[in-house]
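Q: here is a sequence with its predicted model. Questions after.
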Amino acid sequence: VLTIALASLLVSDPRPLLVTIDDLPLVNAAEIGGDEQRARVTDEMLRVLAKHHIRAVGLVTGSRVHGPGDRALLEKWIAAGHELGNHSFGHLSYSSTDPDTYLADLERGRKLVEEILRPHKKTVRFFRFPFLREGDTREKLEKARAYLKKTGQRNLPVTIDDQDWSFEKPWLEAAKIGDAAKAEVAREYQVALRLEVERHERIGDKLLGRTAPQILLLHATAVGAAQWDELFAWLEKTGHRFQSANELLADPAFAIEHSYVGQLGYGLWDRIRVERRNEQAKEAIGKLLADQAAAWTRGDLEAFCSVYAEDARFLSPSGVTLGRQAIFDRYKKKFGSAKETMGELGLEIEELRLFFGDEVSILGDAVPSAIHGAAAALRWRLRWANKPEASGLSLITLVPVKDGWRIVQDASM
Ligand SMILES: [Zn+2]
């Protein structure tokens, strides 16, 4: 028995995990009930966190703090040893709000939390973007980052994005129906959360090449109060080790610079992964064009044409050529295949665009799509020993294939 226990301990490193809880004091307080019911749900969340020795970060949404009763709920979180941070006042989407309005709302939320923390001699160290939307333009992204820096707030990312909040309404409805209805919602909650944890951990481990530390997103809900005990027990059983924010954020993975710009909010590992993937795609296309130019220059028309797709279309002022073989024949007829007549080719990328977008996973999370295509605006130059240089522009469209990229359209003039 001892051998088996030791072996299972050695199989994988324990995985550090920070639990974060959004939209304090409660996501749907009105539907939960009055002060007494709200306190009961809050006490239950805190009891389960304490049972599993979890020190969480709770992100407060100012507009959800309705009166002294709700303030008292936040005091409970502080008394239980959890850290409170800012989740804005109005929970606006940055993608559809101008920076001035948005940042004023963040500051309003920060001031409210600051006021609650002051008697406890604590400050607002963390901020979380509502909907995880950090800016749909570079300018907005930078403005939010400058504001956070200036006010001493750190963007607390999420690495395990999930839709736990979406179970709250079904849970409250089921509670009115009976235990069987509740059991069904509970089952779906556990299944969905486990799948989310596993999916994001695969992404993180692949990205970092090791057991990636994780930040789990949960929401202050009645369904959470009822379901976290089982969820946390499963996390413990599957090798997770709960850490505080300070412990977890000391991991160098959280210092990786990134600047993903987009409409929807992804988890942190997806943001970093997309940026790296895009860089790799751009490098691969750059190399393909450099190799193609080199093939031309050494007189290897076969290799030069090998990057065209079988059904590629070539457009030039003299007309349209369809298919790789016809493109090859056209070049051969025009230039022959001697190095001297072909000359020295240079291809310079003026602009390269990758085509991808946002998708929604089966679990409801925003996820980046694969890169489905690319377009490159090029300047080509041909130099010969005995005649003047020729140059012009090309626009090529590429699609990804198993072993790289193929040109499917080429308009050269
Ligand atoms: Zn939120």
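A: Cool, the structure landed. Since we're looking at a predicted model, the values are computed, not measured. Residues are numbered from 1 along each chain as shown.
Q: need the pLDDT of the residue of the stretch 51-200 of the chain at minimum distance from the ion.
A: Going by C-beta to the ion, the ion is nearest to Pro130 of the stretch 51-200 of the chain, at 4.9 Å. For the C-beta atoms, the positions are set from N, CA and C on the backbone; glycine is no exception. Looking at Pro130, its pLDDT reads 98.
Q: burial count for it?
A: Look at Pro130: counted by other C-beta atoms under 10 Å, it has 23 neighbours.
Q: what's the neighbour count on the residue nearest to it when sequence neighbours are not counted?
A: Closest residue to Pro130 apart from its sequence neighbours, by C-beta to C-beta, 6 or more residues apart in numbering: His91 at 4.5 Å. By the measure other C-beta under 10 Å, the count of residues near His91 is 16.
Q: touching, His91 and Val27? I think so.
A: No: the pair His91 and Val27 fails to qualify as a contact (C-beta atoms under 8 Å) at a distance of 10.1 Å.
Q: neighbours of Thr211, how many?
A: There are 15 residues near Thr211, going by other C-beta under 10 Å.
Q: residue contacts, the closest residue to it other than its chain neighbours?
A: Among residues not flanking Thr211 along the chain, Asp13 sits closest, at 4.5 Å (C-beta to C-beta, 6+ apart). If a contact means C-beta atoms under 8 Å, 6 or more residues apart in numbering, then Asp13 has Arg210, Thr211, Gly239 as its contacts.
Q: I'd like to know how far Asp13 sits from Ser96.
A: 41 Å (C-beta to C-beta, to the nearest Å).
Q: could you do Ala50 as well?
A: From Ala50 across to Ser96, the span is 39 Å (C-beta to C-beta).
Q: which one of the two is surrounded by more residues?
A: Neighbours per residue (other C-beta under 10 Å) separate Ala50 from Ser96, with Ala50 holding more: 13 against 10.
Q: for the more buried one, grab phi and psi.
A: Phi and psi for Ala50, reported as degrees, to the nearest 10, are phi -70, psi -40.
Q: what's the burial count for the residue lying closest to it once chain neighbours are set aside?
A: Spatial nearest neighbour of Ala50, chain neighbours left out: Ala80 (6.6 Å); criterion: C-beta to C-beta, 6+ apart. Other residues near Ala80 come to 17 when the count uses other C-beta under 10 Å.
Q: what about the one residue sitting closest to the centre of the chain, distance to His200?
A: Note on the chain: the residue nearest the mean C-alpha position is Tyr266, at 2.9 Å, using C-alpha atoms, centre = their mean. Applying C-beta to C-beta, the value for Tyr266 to His200 is 10 Å.
Q: what sits in contact with each of the two?
A: In contact with both Tyr266 and His200: Asp161, using C-beta under 8 Å, 6+ apart.
Q: now do the same contact list for the closest residue in space to His82 that isn't next to it in sequence.
A: Nearest residue to His82, sequence neighbours excluded (C-beta to C-beta, 6+ apart): Ala56, at 4.8 Å. Applying C-beta under 8 Å, 6+ apart to Ala56 gives the contacts Leu18, Val19, Thr20, Ile21, Leu49, His82, Glu83.
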